[in-house]
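Enquirer: pasting the sequence and the predicted coordinates here, then a few questions.
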Amino acid sequence: MTTEFVPFVGDTHVLQNPKNVARDWFMAIASANLERVTKGQTAQGFWVIGPDGTFYGYNNNRSKERVEQMLDRALAQFRQSPPKFVAPTREELAAPSATKAPQGSSVVRVHARVRPVPVGCADSNKRVSRDHLWISAEEVAALRGKKVPSSLVGRIARFHLVDNVRGEPDMWSAAEVRKLEVLKSAFVGATARFEVAFSLATEGNKRGYEGRLEVELKSDDRNRIVRFRGFASGTAWGAGTYTPEPPNGKFNLVIAMVETEDEVAKAVPPQGILWGREYWQPGVDPIVR
């Protein structure tokens, strides 16, 4: 991978759905070589593609042996029919990134765990999930002005209080936010603290999560977060579309949030950003005491 290929990791949703230069390039290749893509299905998987768009291989399997076999075949085809050199166009060079956090925003890393893991449940419940929370400079400014912004509380509830331990979660719709109440808040200098009671559930209560969220953060004069400690704990139940095999009945789900400044965190967007404007304007109005 380090000597014969140029590794690239991309978000299928970014490369398949929104209109952008990278999407146009990739989807033309995917549609021509993977029938299910033409039917509107996912293009996720391992691809080997030349810079000129030449297709050399595809696999959507986690088996180490099958992936290595695909890479061997692709490399052989590459050597037999190498791609042409294609210089990037001015439009491609100027294209903005679809995955960079907006200017001035802060990034918080989010992890979820089933803890304790009930005896006898699927091993997938032992995993730790990873996501990122974006917080705007305007929201930090509101906190510095001693106000808990509704948009931030709503964003955390809908897009980050989710059970993504076993796979990609179903995000909560605005209608599924049954309760969202800021029980108390305190502001001392540049430090803000608030506690939220939440209850999230689908129609018919087939899937849900309810509990408490506590947040403490510190910001600087540029409206950037320099320290963030968030912790949610509560009772969850049910399986999502792509998060099968949860523990039977109700189980304890904990979610931790901490600030980060590493380059990966700045480049990998929150999964909830797929909902576009709703991520920033979640459409819920939490009660603030």
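Expert: Thanks, I have it.

Enquirer: tell me the mean pLDDT for stretch 87-104?
Expert: Across stretch 87-104, the average pLDDT comes to 72.

Enquirer: no wait, stretch 257-275
Expert: Mean predicted lDDT for stretch 257-275 stands at 86.

Enquirer: where does this protein have low pLDDT?
Expert: 18, 92-99 (pLDDT under 70).

Enquirer: how is it carved up into domains?
Expert: Segmentation of the chain into domains, based on automatic domain parsing, reads 12-94, 106-288.

Enquirer: of all the ones you listed, which one is nearest T2?
Expert: domain 12-94 (12.3 Å; Cβ to Cβ). For glycine as for every other residue, the C-beta is placed from the backbone atoms N, C-alpha and C.

Enquirer: looking at the domains of the chain, which is buried most?
Expert: Comparing the domains of the chain by mean neighbour count (mean count of other Cβ atoms under 10 Å), domain 106-288 ranks first with a mean of 18.

Enquirer: next, the distance between the ends of that domain.
Expert: Its start and end residues considered, domain 106-288 measures 23 Å (Cα to Cα, to the nearest Å).

Enquirer: okay, and A30 sits in which element?
Expert: Per DSSP states H and E: A30 is located in helix 21-33.

Enquirer: now do that helix: everything it contacts.
Expert: Contacting residues not belonging to helix 21-33 are listed as 10, 14-17, 37-38, 43, 47, 49, 53, 55, 58, 91-92, 95, 98 [Cβ atoms under 8 Å, 6 or more residues apart in numbering].

Enquirer: which residue of the protein lies farthest from its centroid?
Expert: Distance from the C-alpha centroid of the chain, by Cα atoms, centre = their mean, peaks at Q80 (38.8 Å).

Enquirer: wait, what's in contact with it?
Expert: By Cβ under 8 Å, 6+ apart, Q80 has no neighbours at all.

Enquirer: doesn't V264 lie inside a helix?
Expert: Yes. With DSSP: H, G, I helix; E, B strand; the rest coil as the criterion, V264 is part of a helix.

Enquirer: so the residue nearest to E261 when sequence neighbours are not counted: helix, strand or coil?
Expert: Excluding the flanking residues, the one nearest E261 by Cβ to Cβ, 6 or more residues apart in numbering is V107, at 7.4 Å. The three-state label given to V107 by three-state DSSP is strand.

Enquirer: in the sheet, who's paired with V107?
Expert: Under DSSP bridges, the beta-bridge partners of V107 are W134.

Enquirer: surely W172 and R155 touch.
Expert: No. Assessed by Cβ atoms under 8 Å, W172 is found out of contact with R155, at 10.8 Å.

Enquirer: hang on, the earlier thing: give me the residues contacting the following helix or strand past the helix holding A30.
Expert: Once the chain leaves helix 21-33, the next helix or strand it forms, by DSSP H and E, is helix 35-38. If you take Cβ under 8 Å, 6+ apart as the criterion, helix 35-38 is touched by Q16, M27, A30, S31, T42, A43.

Enquirer: let me know the closest of those to R227.
Expert: Q16 (36.3 Å).

Enquirer: before we move on, back to that, which ones among the contacts of helix 21-33 lie within strands?
Expert: With DSSP state E as the criterion, strands contain W47, I49, F55, Y58 from among those.

Enquirer: quick one: contacts for the first one?
Expert: Just to be clear, that refers to W47. W47 touches I29, A30, F55, G57, Y58, counting by Cβ under 8 Å, 6+ apart.

Enquirer: pull stretch 134-146 out as CSV, backbone CA atoms only.
Expert: Extracted C-alpha coordinates of stretch 134-146, given in CSV (Å, rounded to 0.1, in the frame of the first residue of the first chain):
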residue,chain,number,x,y,z
TRP,A,134,-18.6,20.9,15.1
ILE,A,135,-19.3,24.0,17.1
SER,A,136,-19.5,27.4,15.4
ALA,A,137,-17.7,30.6,16.6
GLU,A,138,-21.2,32.2,17.0
GLU,A,139,-22.2,29.5,19.5
VAL,A,140,-19.1,30.0,21.5
ALA,A,141,-19.7,33.7,21.5
ALA,A,142,-23.2,33.0,22.9
LEU,A,143,-21.7,30.9,25.7
ARG,A,144,-19.2,33.7,26.5
GLY,A,145,-22.3,35.9,26.7
LYS,A,146,-23.7,33.6,29.4
